[in-house]
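Colleague: below are the sequence and a predicted model for it; my questions follow.
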Amino acid sequence: AQSVAQPEDQVNVAEGNPLTVKCTYSVSGNPYLFWYVQYPNRGLQFLLKYITGDNLVKGSYGFEAEFNKSQTSFHLKKPSALVSDSALYFCAVRDIYQGSQGNLIFGKGTKLSVKP
Amino acid sequence: KAGVTQTPRYLIKTRGQQVTLSCSPISGHRSVSWYQQTPGQGLQFLFEYFSETQRNKGNFPGRFSGRQFSNSRSEMNVSTLELGDSALYLCASSVGRGLNEQYFGPGTRLTVT
């Protein structure tokens, strides 16, 4: 079965510092990976996805993610954090199985807190 | 282009009642998926509709059902509500199925008392 793990419940970063939110995956077949962000009392917003191609994927709001097949990881990164980046971040994998097109399977989420 | 809209935004029901939630996808999007978000279980997939047909279903009891209309709008229904059904219900739409990214609505916060 497909799954994703976000090993950190919370990540604390000072404004201006680089940030990394970790995600590891377990899939059978090709991984199709996504990052979403959720602000308080809001739905999820799409940040970026990896389907195939370059291992470094660039997304919205200056975020990028690095796909590493050998480490089965898809970590979210940003060179310089902003206070407004404080939110809940979800990694997800598309559950693709034979003969069908599956739903998103989400990690538990990582709360990012950026302090001024 | 307007985003995904969900109505109502907040709902309070009592145990045993039933509830219907509505979702209007982004114009041109034909796939609608529903998710339940709770602090304990996180985000869990409920079901997906495409071209008025349920294409995929998560591991939820039969009390949870849904449908999609010809204009791609979708509703989900929960019958015989239980306290554990209290959650944020999120609707997401995408252009098609498969690897297209999903765009989420703000959710409906359901509280069962």
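Modeller: Looks like it came in fine.

Colleague: now do the contacts for residue B:69.
Modeller: By C-beta atoms under 8 Å, 6 or more residues apart in numbering or on different chains, the contact set of residue B:69 is B:52, B:75. Placement of C-beta: from N, CA and C, glycine included.

Colleague: repeat that for residue A:87.
Modeller: Taking C-beta under 8 Å, 6+ apart as the contact definition, residue A:87 lies against A:37-40, A:111-112.

Colleague: got it, and residue A:73?
Modeller: For residue A:73, the contacting residues are A:22-25, A:66-67, taking C-beta under 8 Å, 6+ apart as the criterion.

Colleague: what does residue B:31 give?
Modeller: For residue B:31, counting by C-beta under 8 Å, 6+ apart, the contacting residues are B:25, B:48-50, B:55, B:93-97, B:100, B:102.

Colleague: rerun that using 10 Å as the cut-off
Modeller: Residues in contact with residue B:31 (C-beta atoms under 10 Å, 6 or more residues apart in numbering or on different chains) are A:101, B:25, B:48-51, B:55-56, B:68, B:72, B:74, B:92-98, B:100, B:102.

Colleague: narrow those to just the buried residues.
Modeller: A:101, B:25, B:48-50, B:55-56, B:68, B:72, B:74, B:92-94, B:97, B:102 (16 or more other C-beta atoms under 10 Å in any protein chain shown).

Colleague: among the residues you listed, which lie within strands?
Modeller: The members of the buried ones among the contacts of residue B:31 that map onto strands under DSSP state E are B:48-50, B:55-56, B:68, B:74, B:92-94.

Colleague: interface residues of chain B facing chain A?
Modeller: Remark: the part of chain B in contact with chain A comprises B:3-4, B:6, B:9, B:31, B:33-35, B:37, B:41-48, B:50, B:55-58, B:88, B:90-92, B:94, B:96-107, B:109, using C-beta under 10 Å from any C-beta of the partner chain.

Colleague: please work out how many residues are found near the closest residue in space to residue A:27 that isn't next to it in sequence.
Modeller: In space, residue A:27 comes closest to residue A:2 once its chain neighbours are excluded; the distance is 4.7 Å by C-beta to C-beta, 6 or more residues apart in numbering or on different chains. One way to gauge burial is a neighbour count; for residue A:2, by other C-beta atoms under 10 Å in any protein chain shown, it gives 20.

Colleague: same question, residue B:41
Modeller: 11.

Colleague: who's in contact with it?
Modeller: When contacts are taken as C-beta under 10 Å, 6+ apart, residue B:41 is in contact with A:108, B:84, B:87.

Colleague: same question, residue A:16
Modeller: Taking C-beta under 10 Å, 6+ apart as the criterion, residue A:16 is in contact with A:79-83, A:114, A:116.

Colleague: kindly report the same for residue B:85.
Modeller: Applying C-beta under 10 Å, 6+ apart, one finds that residue B:85 lies in contact with B:13, B:15, B:19, B:36, B:38, B:60-61, B:63-64, B:78, B:110-112.

Colleague: check residue B:68 too.
Modeller: B:23, B:25, B:30-32, B:47-55, B:74-75.

Colleague: lowest-confidence one in those residues?
Modeller: For the contacts of residue B:68, the model is least confident at residue B:55; its pLDDT is 88.

Colleague: with adjacent residues omitted, what lies nearest to it?
Modeller: Sequence neighbours aside, residue B:48 is the residue nearest to residue B:55 in space, at 5.0 Å (criterion: C-beta to C-beta, 6+ apart).

Colleague: what count of nearby residues applies to residue A:75?
Modeller: 17.

Colleague: repeat that for residue B:81.
Modeller: The burial count assigned to residue B:81 is 19, neighbours taken as other C-beta under 10 Å.
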